[in-house]
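Visitor: Sequence and predicted model, in that order:
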Amino acid sequence: MSGHSKWAGIKHKKALVDAQKGRLFSKFAKEITSAARQGGGNPDTNTKLRLLIQKAREANMPSENIERAIKRGTGELPGVNYEEMTMEGYGPGGVAIMVELLTDNKNRASQEIRTIFSRKGGNLAGAGSVSWLFHKKGFMVVDKKEISEEKLMDIVLEAGAEDMTVQDDSYEITTSVQDFEKVKQALIDNNIKYISAEITMLPANTVKLTGDTARQVLILVQELEDHEDVRNVYANFDIPDEIMKEMVQ
């Protein structure tokens with residue numbers, strides 16, 4: 001899972017840059033509007049909305065932007081109707097890729113995602129072709145400098161974590177979706193800063209890549225993530241740290 005861990009850290013750093021440019025805020029606004037439309041505007045009773053608001057605040061999205069997005073979802077303000085869709089395919093080296101989108105035009109979005117895959121050496125596949133490789137989990141990454149392995153293990157397992165593994169410079173914590181918030185709160189209560197904390201799709205197995213193929217996959221994934229309608233991109237690559245780090249230089 002170290003590939004996923006490293007990429008989670010890179011995405012976190014990239015999100016700070018995207019936030020400065022406003023791109024991240026517009027994506028959060030769409031997701032918050034959609035979540036409020038589906039489950040109501042009260043985060044106390046709408047878990048999906050609550051998690052999105054937390055992520056938006058962590059990215060320093062202004063409160064008024066969050067409130068405006070919620071009101072668009074509940075109909076208090078005029079807004080666009082967004083639809084969810086998932087596209088699946090393969091990247092260079094046979095890496096499985098799943099793309100979650102939120103869009104106001106499915107035909108346009110699907111054509112643009114198809115073009116990105118084609119231009120960057122990948123190809124789309126049918127529904128269900130790669131989704132079976134992924135499982136929805138809570139996933140957190142904590143820098144080793146924050147705390148000792150033994151102490152962190154005690155805290156997260158007591159809070160309900162399923163597993164914790166040790167990487168070169170970080171700890172990876174896996175939880176069920178149901179226990180994600182409880183484990184995350186345990187980190188906060190113990191003043192343990194995390195690099196990332198998210199509900200994500202973790203791969204059952206990974207594909208090891210090196211050299212130009214690894215770089216081509218990262219470029220494809222990054223371009224997909226930059227698309228305005230893309231919510232999440234999941235892939236089962238395992239790429240050396242030094243190549244991953246090139247992406248944030």
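Guide: That came through fine.
Visitor: Run through the strands of this protein in chain order.
Guide: Counting by DSSP state E, the chain has strands at residues 83-90, 96-103, 123-125, 134-143, 163-166, 170-175, 196-203, 207-208, 230-235, 237-238.
Visitor: could you dump those to JSON lines with mean pLDDT?
Guide: Formatted as JSON lines, those follow (pLDDT from 0 to 100):
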{"stretch": "strand 83-90", "mean pLDDT": "96"}
{"stretch": "strand 96-103", "mean pLDDT": "96"}
{"stretch": "strand 123-125", "mean pLDDT": "95"}
{"stretch": "strand 134-143", "mean pLDDT": "93"}
{"stretch": "strand 163-166", "mean pLDDT": "92"}
{"stretch": "strand 170-175", "mean pLDDT": "93"}
{"stretch": "strand 196-203", "mean pLDDT": "89"}
{"stretch": "strand 207-208", "mean pLDDT": "93"}
{"stretch": "strand 230-235", "mean pLDDT": "92"}
{"stretch": "strand 237-238", "mean pLDDT": "90"}
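Visitor: which one of those strands is the most hemmed in?
Guide: strand 170-175 (a mean of 23; mean count of other Cβ atoms under 10 Å). Heads up, the C-betas are built off the backbone N, CA and C, glycines and all.
Visitor: Just give me the neighbour total for residue 92.
Guide: Residues contacting residue 92 under the criterion other Cβ atoms under 10 Å number 19.
Visitor: what's near enough to touch it?
Guide: Each residue near residue 92 by Cβ atoms under 8 Å, 6 or more residues apart in numbering is listed here: 120, 121, 122, 209, 213, 216, 217, 220.
Visitor: Now for the spatially closest residue to residue 80 that is not a sequence neighbour: which residues touch it?
Guide: Once flanking residues are discounted, residue 80 sits nearest to residue 104: 4.8 Å by Cβ to Cβ, 6 or more residues apart in numbering. With contact taken as Cβ under 8 Å, 6+ apart, residue 104 is in contact with 80, 81, 82, 83.
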